[in-house]
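> Generate coordinates for the sequence data below:
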Amino acid sequence: MAHRRGGSLVAVLVAGLMAACSSSSGASSSSSVSGGASTAPIVIGISLSQTGDFSDPGKAAMRGYQLWAETVNGSGGILGRQVQLKIADDASDPGQAVTNYETFITKDHVDLVFGPFSTLLSVPSAQIANRYGYSFVEPAGGGPDMFAAKLPNVFFVQPAPVLACGDPFVNWILSLPADQRPKTAAYVSLDDPFASPIADAMQAKFEAAGIQTLARTIYPPETTNFTPIVSPVAAKSPDMWVGGTQSDDAYAQVKSMISLNFNPKFLYLSNGASSPVEFPSKVGASNVNGIFSCGDWFPNSNASGNQDFISAYTAKYGGDAFGIDSTSAEAYAVGQLIQAVAAKTGSIDNQTIINTLHSGTWPTVEGNLSWDQYGMPQGSDMLVEWIDQKLTPVYPADVALHTPVSPKPNWGG
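Numbering: from 1, shown residues only. Next up is the predicted model:
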């Protein structure tokens with residue numbers, strides 16, 4: 001795994017950049033122009049992880065963004081203007097993401113910027129965008145640090161904040177008869193502003209319900225050998241394993257459990273296991289069944305434009321609806337929101353986007369979205385589980401395509 005810099009370094013980077021920037025009350029002149037005043041392409045700057053720890057979800061986000069751009073351009077663009085994406089690799093590094101957005105805005109003078117993948121990269125990037133008066137509509141940066149930054153330009157394009165990702169699993173576990181619930185639990189998390197807060201919040205709720213904590217471990221981002229992390233926790237034989245994970249570390253946790261022949265009755269991973277494309281290929285398709293995660297999008301949703309999105313996605317990339325990574329849907333929804341604002345206001349002015357999205361509810365493939373003053377969404381996620389080697393919504397009942405299966409089957413089952 002590539003090394004990722006921690007939050008303190010990001011803060012120093014952002015502070016230095018902000019000090020170097022002159023005070024600005026709005027976006028650059030190119031980004032402030034009303035959409036109807038020009039026929040030039042609408043240029044959108046996007047920093048995405050094409051290498052490093054977040055490369056898998058970064059590529060999924062790219063697929064969603066590119067599909068949206070091709071779709072909207074095929075129907076005439078936005079306000080008569082074609083969309084042009086300007087994408088730069090941030091190597092999963094927050095410092096590089098900051099540099100990319102600084103370049104997009106001050107040198108390339110892009111009209112708009114869209115967000116990267118992960119809270120780690122999104123927080124400092126959103127701060128740069130805010131400094132220059134740019135809206136920051138983003139698909140995958142919903143950790144507590146994002147909303148604690150109190151930025152008025154941020155809109156997290158998922159139904160719920162990241163901290164609520166584990167709530168559906170907690171609610172389902174606590175809905176079980178007492179004799180079917182786990183009695184003990186372990187919490188093994190990546191030191192990351194997305195991952196560990198989810199596990200911490202789940203731990204507090206489970207402990208309040210009487211589930212005993214046997215272990216709590218947080219490992220650094222540069223961890224490559226997971227056996228020393230997983231082995232001592234597995235030796236305690238917890239009934240339930242909660243992993244506060246991103247992607248590569250989720251795969252590594254599972255592979256270590258398999259090698260140790262440790263099979264908990266309940267296994268939840270906050271991210272990584274939620275990818276229908278990558279997860280089976282990383283841990284083995286025969287090892288996925290019974291693993292839980294959280295989800296914000298599913299193929300059978302009747303959300304606005306979802307079936308059109310699925311048709312376009314499978315036509316472009318192949319496969320079927322159950323092979324679509326939710327990150328692609330999240331990125332696609334970012335573009336949907338910009339289209340909706342332009343249709344309503346006749347403008348792609350950044351301040352207009354900010355003002356407009358702060359009012360009302362907005363239909364997307366991610367569902368009907370609304371936000372508080374700092375971009376925190378006001379809805380809820382769903383619980384998904386691998387059943388018959390397919391990632392399936394299982395809770396709550398109004399979105400479930402199958403009842404939850406427990407206890408978890410043996411590896412290879």
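> Would you map the strands across the stretch 1-150 of the chain?
Using DSSP state E, counting those that start in this stretch, the strands assigned to the stretch 1-150 of the chain run over residues 42-48, 83-89, 112-114, 136-138.
> Export those as CSV, with columns for mean neighbour count and distance to Q373.
Backbone N, C-alpha and C define where each C-beta goes, glycine included. What follows is the strands of the stretch 1-150 of the chain, written out as CSV (neighbours: other Cβ atoms under 10 Å; distance: least, Cβ to Cβ, whole Å):
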stretch, mean neighbour count, distance to Q373
strand 42-48, 25, 24
strand 83-89, 18, 28
strand 112-114, 27, 20
strand 136-138, 29, 14
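> what would these look like in TSV with mean pLDDT?
As requested, those are exported to TSV (pLDDT from 0 to 100):
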stretch	mean pLDDT
strand 42-48	98
strand 83-89	98
strand 112-114	98
strand 136-138	98
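> now stretch 235-251, how far from the centre of its chain.
Distance, stretch centre to chain centre, for stretch 235-251: 19 Å (Cα atoms, centre = their mean, to the nearest Å).
> Quick one: end-to-end distance for that stretch.
Length of stretch 235-251, first residue to last, Cα to Cα, to the nearest Å: 20 Å.
> Which positions in that stretch come out as buried?
238-251 (16 or more other Cβ atoms under 10 Å).
> what does stretch 164-173 give?
Applying a neighbour-count criterion of 16+ other Cβ under 10 Å, one finds 164-170, 172-173 buried in stretch 164-173.
> Of those, which belong to strands?
Using DSSP state E, no member of the buried residues of stretch 164-173 sits in strands.
> Out of those residues, which comes closest to F104?
Nearest to F104 among the buried residues of stretch 164-173: C165, at 29.2 Å, using Cβ to Cβ.
> Now for that closest one: which residues touch it?
Counting by Cβ atoms under 8 Å, 6 or more residues apart in numbering, C165 touches 198, 270, 294, 381.
> how about 10 Å then?
Contacts for C165 (Cβ atoms under 10 Å, 6 or more residues apart in numbering) come out as 142-143, 158, 194-195, 197-199, 201-202, 244, 268, 270-271, 274, 293-296, 380-381, 383.
> How about G323?
Here G323 is in contact with 275-277, 280, 299, 313-314, 317, 390-391 (criterion: Cβ under 10 Å, 6+ apart).
> Domain map for this structure?
According to automatic domain parsing, the chain comprises the domains 7-161+302-369, 164-296+382-395.
> For the ones you listed, give me TSV that also has distance to P407.
Listed next are those as TSV, based on distance: least, Cβ to Cβ, whole Å:
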stretch	distance to P407
domain 7-161+302-369	24
domain 164-296+382-395	4
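> If I average pLDDT within each of those, which one is lowest?
Lowest mean pLDDT of the domains of the chain: domain 7-161+302-369, a mean of 89.
> Run through the neighbouring helices and strands of the strand or helix carrying I354.
Following DSSP states H and E, one finds I354 within helix 350-357. Contact analysis of helix 350-357 by 3 or more Cβ pairs under 10 Å, 6 or more residues apart in numbering; DSSP states H and E lists helix 29-32, strand 112-114, strand 136-138, strand 154-156, helix 326-345 as its packing neighbours.
> quick one, which of those is nearest to A178?
helix 326-345 (33.0 Å).
> For M146, see how far away P221 is.
Distance, P221 to M146, by Cβ to Cβ, to the nearest Å: 18 Å.
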